[in-house]
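In: Provided below are the primary sequence and the corresponding predicted coordinates.
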Amino acid sequence: MRVMYLSPSGQLGGAETSLLEILASLREAQPSWRLHLLVAGEGALAARAAALGVSTTVLPFAPAIARLGESGAVSGGRRWGFAVQIAFAAVPIASYLRRMRVVIRGFDPDVLHTNGLKMHLLGSRVRRRPKLIWHLHDYLGPRPMSASLLRWNRSRCSAIIANSASVADDVRRVMVDEVKVFTVHNAVDLDRFSPSGNRLDLDQLAGLPRAAPGTVRVGLLGTFARWKGHVTFLNAIHRIPPQVPIRAYVIGDAVYDTDGSQYSRGELMQVVDRLGIGDRVGFTGFVADPAPALRALDIVVHASTSPEPFGLVIAEAMACERPGVVSLAGGAAEIVRPGVDALGHAAGDVEGLAARLTELALDPALRTRIARAGRATAERCFDRARLARQLVPIYESVVNPNP
């Protein structure tokens, strides 16, 4: 079988990292299959895919396409901002489609697997179409215009993969008509994300003096998307009494091109200055390999203020045997057992997050128990070999619907 993947970003956010695990799983399970990745921007994704033996094409978006995004365009009450963006990008979109079709015809895939909204829509416009599968990593409900665009192109899609049951339920509500939706949770490489291995020097990366012995390192790792909860995290650190021996780390950076969807590092540093917690917080910048960063932490924080479609960093932290505090909304609530393999707090609840962090910081035995249970959950639920077992039947069912 020939499967082609379309990614709107070359940077390694959660959706792109999950795509790499899919490629690795299929490479191991189906070595005779031909896989090709078309990626619409520079970054580590193409090189990482090529290292897996996947042929790649980098076909960058024009800036007008790269900046398209409903969440940023409609902020501040600009209801029609997204429509205006699309109108201004019409000519670059048409040009990109022509070039993309040439690449697709050259590979001649049986299945076209798209990994982001822009690619869902572009993939829907391919002539002499292969079977099209949309892989949704986000909710459509909060994006009414995006949802409308997908509904208009629904007949061109053979199946939808959702990365959690929560996202799958949202898709069914939005699509209204009967739609074939499969839930496939993300996975991680359990050898790479393991309790043993290198650890980053977070203090050096952040330009901080070495933390005193006994300091509990607490960190939030992820892109600077506004809903990822960085401000909630910083406010929670501010609430923790100074006698609790913690140091907090913001690990990551703004990696996407979409207008208005992210904080800048400068904005977050202004929050730190306003709260007066500069002596307790460090910014490491982007890290190419999250596993050594997670192993350097004593507690991993997931603080998303909106329902999380999945929460890949939660699974990665569990695999690294690190205890986590998780925002219990959306898909994230599906993958943890609060009090067993993670502690939970309500989305956006600063006081609740501060209380859970304080509880873990002051109780090493609790940290150990949660961490070990998390690793067991990762081994049971997040092994990437599962991806091929779930995806191969989906691909085969759309290519041969009536065998």
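Out: Everything's here; your move.

In: What are the boundaries of the strands in the stretch 251-400 of the chain?
Out: With DSSP state E, counting those that start in this stretch as the criterion, the stretch 251-400 of the chain has strands at 281-285, 299-301, 324-327, 343-345.

In: Output those in TSV, with mean pLDDT and mean neighbour count appended to each entry.
Out: Bear in mind the C-beta positions are built from the backbone N, C-alpha and C, glycine included. Shown next, in TSV, are those (pLDDT from 0 to 100; neighbours: other CB atoms under 10 Å):
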stretch	mean pLDDT	mean neighbour count
strand 281-285	96	20
strand 299-301	98	26
strand 324-327	98	28
strand 343-345	97	23
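
In: Let me have the ones you listed in CSV, extended by distance to Glu42.
Out: Below are the strands of the stretch 251-400 of the chain laid out as CSV (distance: least, CB to CB, whole Å):
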stretch, distance to Glu42
strand 281-285, 18
strand 299-301, 29
strand 324-327, 31
strand 343-345, 37
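
In: of all the ones you listed, which lies closest to Gly141?
Out: Evaluated with CB to CB, the strands of the stretch 251-400 of the chain place strand 324-327 nearest to Gly141, the distance being 17.9 Å.

In: roughly how far is the closest one from the heart of the chain?
Out: When C-alpha coordinates are averaged (CA atoms, centre = their mean, to the nearest Å), strand 324-327 and its chain have centres 16 Å apart.

In: which outside residues touch that strand?
Out: Residues from elsewhere that reach strand 324-327 (CB atoms under 8 Å, 6 or more residues apart in numbering): 229, 299-305, 308, 311, 314, 317-318, 332-333, 336, 338, 342-348, 353, 356-357, 360, 370, 374.

In: closest to Val102 out of the strands of the stretch 251-400 of the chain?
Out: Between the strands of the stretch 251-400 of the chain, strand 281-285 lies closest to Val102; by CB to CB that is 37.3 Å.

In: Pairing partners for that closest one, with directions?
Out: strand 246-251 (parallel) (DSSP bridges).

In: for the strand it pairs with, what is the average pLDDT?
Out: For strand 246-251, mean pLDDT rounds to 98.

In: do stretch 197-214 as well
Out: pLDDT averaged over stretch 197-214 gives 96.

In: okay, that stretch in CSV with CA atoms only?
Out: This file holds the C-alpha atoms of stretch 197-214, laid out as CSV (Å, rounded to 0.1, in the frame of the first residue of the first chain):
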residue,chain,number,x,y,z
GLY,A,197,18.8,8.3,30.2
ASN,A,198,20.3,11.8,29.8
ARG,A,199,18.9,14.7,31.7
LEU,A,200,19.1,18.3,30.6
ASP,A,201,20.7,20.9,32.8
LEU,A,202,17.6,23.1,33.0
ASP,A,203,19.3,25.7,35.2
GLN,A,204,22.1,26.2,32.6
LEU,A,205,19.6,26.4,29.7
ALA,A,206,17.5,29.0,31.6
GLY,A,207,20.6,31.0,32.7
LEU,A,208,19.9,30.5,36.4
PRO,A,209,22.3,29.7,39.2
ARG,A,210,22.3,26.0,40.1
ALA,A,211,19.3,25.2,42.4
ALA,A,212,20.0,24.4,46.0
PRO,A,213,20.1,20.7,47.1
GLY,A,214,16.5,19.5,47.8
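
In: who touches stretch 345-364?
Out: 216, 218, 229, 232-233, 235-237, 239-241, 244-246, 298-299, 301, 303-307, 323, 325-329, 343-344, 366-367, 370.

In: Sort out for me which of the residues you listed are in helices.
Out: Thr232, Phe233, Asn235, Ala236, Ile237, Arg239, Leu366, Arg367, Ile370 (DSSP state H).

In: got a list of what the nearest residue to the first one once chain neighbours are set aside touches?
Out: The reference is to Thr232. Of all residues not flanking Thr232 in the chain, Ala303 sits nearest, at 4.8 Å (CB to CB, 6 or more residues apart in numbering). Ala303 makes contact with Leu220, Lys228, Gly229, His230, Thr232, Phe233, Ala236, Val325, Ser327, Leu353, according to CB under 8 Å, 6+ apart.

In: Just the buried residues of these.
Out: Buried members of the contacts of Ala303, counted by 16 or more other CB atoms under 10 Å: Leu220, Lys228, Gly229, His230, Thr232, Phe233, Ala236, Val325, Ser327, Leu353.

In: which one of these is nearest Pro31?
Out: Relative to Pro31, the closest of those is Lys228; by CB to CB it sits at 36.7 Å.

In: I'd assumed Ser304 was in contact with the closest one.
Out: Yes: contact criterion CB atoms under 8 Å: Lys228 and Ser304 qualify, at 5.6 Å.

In: For the helix or strand harbouring Met145, enumerate the helices and strands it packs against.
Out: Met145 is part of helix 144-152, with elements assigned from DSSP states H and E. Where contact means 3 or more CB pairs under 8 Å, 6 or more residues apart in numbering; DSSP states H and E, helix 144-152 is packed against helix 81-88, helix 117-123, helix 165-175.

In: In JSON lines, list the ones in helices among the contacts of stretch 345-364 along with distance to Leu387 and pLDDT.
Out: As requested, these are arranged in JSON lines below (distance: CB to CB, whole Å; pLDDT from 0 to 100):
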{"residue": "Thr232", "distance to Leu387": "31", "pLDDT": "98"}
{"residue": "Phe233", "distance to Leu387": "30", "pLDDT": "98"}
{"residue": "Asn235", "distance to Leu387": "37", "pLDDT": "98"}
{"residue": "Ala236", "distance to Leu387": "34", "pLDDT": "98"}
{"residue": "Ile237", "distance to Leu387": "36", "pLDDT": "98"}
{"residue": "Arg239", "distance to Leu387": "39", "pLDDT": "97"}
{"residue": "Leu366", "distance to Leu387": "32", "pLDDT": "98"}
{"residue": "Arg367", "distance to Leu387": "30", "pLDDT": "98"}
{"residue": "Ile370", "distance to Leu387": "26", "pLDDT": "98"}
